[in-house]
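*Asks:* sequence plus the predicted model coming up.
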Amino acid sequence: MGIFDDIQRAFKSLSMRANASHILIKGGAEAEIKLEDLKREIGNNPVAFAEAAATYSACPSGRSGGNLGDFGPGQMVKEFDQVVFSEDVGVVHGPVKTQFGYHLILINSRND
């Protein structure tokens, strides 16, 4: 790969944006189990996801249905970014462990 490929890749990462919602539960194995149960209940339903975020999320974004707004690569922790910028849109992913706890992540949109 040449310098042109590197420049093109850098430009793409600068223009790439996503919008995601999450449910954060702090703790260890019990948090992971709770999120697995919630994921089964929610399915891929964005309304059910927002309701669950408002009820269970330890993040202040829970008040907004877990919506984190628009962001680019590198603005979230690595584990979160890996899911949001590589997995399917419109699908609930996780539980994903980060330094903050365990998350369910709903990718609302992404421009590739």
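*Replies:* That came in fine, so what should we check first?

*Asks:* pLDDT on the lengthiest strand in the chain, on average?
*Replies:* As assigned by DSSP state E, the longest strand anywhere in the chain is strand 101-111. Strand 101-111 carries an average pLDDT of 97.

*Asks:* host element of R40?
*Replies:* Assessed by DSSP states H and E, R40 sits inside helix 29-42.

*Asks:* over to S21?
*Replies:* Using DSSP H and E, S21 sits in strand 17-25.

*Asks:* relative to that strand, what are the paired strands and their orientations?
*Replies:* According to DSSP bridges, strand 17-25 forms sheet pairs with strand 67-71 (antiparallel), strand 101-111 (antiparallel).

*Asks:* next, the distance between the ends of stretch 74-92.
*Replies:* 21 Å (C-alpha to C-alpha, to the nearest Å).

*Asks:* going forward can the numbers begin at 58, since that is how I track them
*Replies:* All right, first residue 58 from here; so that's stretch 131-149.

*Asks:* gap between that stretch and the chain center?
*Replies:* The chain centroid and the centroid of stretch 131-149 are separated by 5 Å, computed with C-alpha atoms, centre = their mean, to the nearest Å.

*Asks:* give me the buried positions along it.
*Replies:* Using 16 or more other C-beta atoms under 10 Å as the burial criterion, the residues of stretch 131-149 that qualify are M133, E136, F137, D138, V140, V141, F142, V149. C-beta: built from backbone N, CA, C; applies to glycine.

*Asks:* can you list contacts of it?
*Replies:* Applying C-beta atoms under 8 Å, 6 or more residues apart in numbering, the external contacts of stretch 131-149 come out as 70, 73, 75, 77, 79, 96, 99-101, 103, 106, 125, 130, 150-151, 153-157, 160-167.
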